[in-house]
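Student: no FASTA, just this:
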């Protein structure tokens, strides 16, 4: 199966997972701003790396929920998910002793956070040694040591068995939380996405899975698995994804978002949760071997240089706006559907730091699309959409509008539905000051957008001609397809900026 056809086959199965990620906010919200956590300045010498880890531990001293500490540890250890076996050696023999040598409470906090998730004992042993030497532990350390108990362990799958959604909840010391894992069966059962959600959103997550399945024409079945079998399903998905990511090396970490826990960070945390469950009754699912491992320090140093090393080089993506820089300005952008005559376009105002994932949603609403097909943003810095290794699409979630279009006059493209190929040109027309109005908003445009699945621009032109001719042999058939009683209900010239703005902010 070709990469393109394989990608198209994935389209529907990915919808549910992506939407769950957007309705289930991660917990807790923001990691710290140290170099080890922010992803910035990763071209460090080893001492700077160690100092960054210890600084992260200092930021954890006032944490309330031990889950914050685990997320910190998972963020660093996620480098090991693509670094291979050498990571364990570098971690145990170099990083842990160097952190422990600081001998203070921040170092202890960092080691406790790392030890809670590491499959080895180096960090936990170093933390125990510091506590025996009299270094006081942070308040959350006791709770971190409490047993973790599983609650729900449920598997959802579509009738065609193209994907499964694995949902579980855990509780520790009275604090519950849940995970959602979307496994793509057309891609070796590999994990496509993971979300961490507050337990109070469980009913919403379960309901969204069923409703999204129905909306996409999928018959979803659900079954509760015993914990050991659930662990086998989760580890199969994580292991397959790990093999694929090892082929990419450091590029696999490109999709991580410094504002919310990313896939690799949550994969480390979810693996640790799986180790608290009974051993599966059957051996792990087989998969082809991963590529040669990378040393972790080499991995970290390669991250800023992605795009080189045998691949066609693309310009480095500009850095994301820092919180200290203040609110982002407003971009006035024109989104024009290419090759349409008369032209179909929308003028939008939205914050410059809007993510491409959110921009996708905005365009869908502005044009009346139904988000039923795959999409991609084609920029000077690479292609962004739902992360897809074979199609070469990097994750759109961590990338902002102003990163791919830093100045007025910059342009990039957005293609929706790879079959009909609705291609849009996006132009930053102006950079504006913020006003006391809701954003995003639509301030101009022309004509209604074509209906979904009508055959692209040329198919739409034909549709307009047929509906304008009551004598055409396909006239009634096209009306029925659109669900219209008469051609008078079809107005290709209709456009209402105020209605679009209301929809964008509803």
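Tutor: Received the coordinates, thanks. Here the structure is a predicted model, which is why all the values come from computation and not from measurement.

Student: neighbours of the closest residue to residue 337 other than its chain neighbours, how many?
Tutor: With sequence-adjacent residues excluded and distances taken as Cβ to Cβ, 6 or more residues apart in numbering, residue 337 is closest to residue 344, at 4.3 Å. Yep, even glycine has a C-beta here, placed from its N, CA and C like the rest. Other residues near residue 344 come to 24 when the count uses other Cβ atoms under 10 Å.

Student: how close does residue 344 get to residue 423?
Tutor: Distance from residue 344 to residue 423, counting by Cβ to Cβ, to the nearest Å: 12 Å.

Student: shared neighbours, these two?
Tutor: residue 337 (Cβ atoms under 8 Å, 6 or more residues apart in numbering).

Student: need the contact list for the residue nearest to residue 337.
Tutor: By Cβ under 8 Å, 6+ apart, the neighbours of residue 344 are 336, 337, 367, 446, 447, 448, 449, 450.

Student: please spell out the PyMOL selection for the buried subset of the residues you listed.
Tutor: Only the buried entries of the contacts of residue 344 go into this PyMOL selection, using 16 or more other Cβ atoms under 10 Å:
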select buried, resi 336+337+367+447+448+449+450
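
Student: the contacts of residue 344: which two are farthest apart?
Tutor: Using Cβ to Cβ, the contacts of residue 344 span at most 14.4 Å, a distance reached by 336 and 448.

Student: quick one: the strands in the stretch 51-200 of the chain?
Tutor: Along the stretch 51-200 of the chain, counting by DSSP state E, counting those that start in this stretch, strands occupy 149-158, 163-172, 175-184, 190-198.

Student: which helix or which strand is home to residue 270?
Tutor: According to DSSP states H and E, residue 270 maps onto helix 263-274.

Student: roughly how far is that helix from the heart of the chain?
Tutor: Computed by Cα atoms, centre = their mean, to the nearest Å, the separation of helix 263-274 from the middle of its chain amounts to 15 Å.

Student: buried ones in that helix?
Tutor: Those buried within helix 263-274 under the rule 16+ other Cβ under 10 Å are 263, 264, 265, 266, 267, 268, 269, 270, 271, 272, 273, 274.

Student: do you know how far the nearest residue to residue 178 once chain neighbours are set aside is from residue 157?
Tutor: Spatial nearest neighbour of residue 178, excluding adjacent residues (Cβ to Cβ, 6+ apart): residue 169 at 4.2 Å. As defined by Cβ to Cβ, residue 169 lies at a distance of 19 Å from residue 157.

Student: if you count contacts, what does the helix or strand containing residue 476 end up packed against?
Tutor: Taking DSSP H and E as the criterion, residue 476 maps to helix 475-482. Packed against helix 475-482 by the contact rule (3 or more Cβ pairs under 8 Å, 6 or more residues apart in numbering; DSSP states H and E) you find helix 456-467.

Student: could you pull up the mean pLDDT of the helix it packs on?
Tutor: In this model, helix 456-467 has an average pLDDT of 89.

Student: can I take it that residue 364 is in a helix?
Tutor: Yes - counting by DSSP: H, G, I helix; E, B strand; the rest coil, residue 364 is part of a helix.
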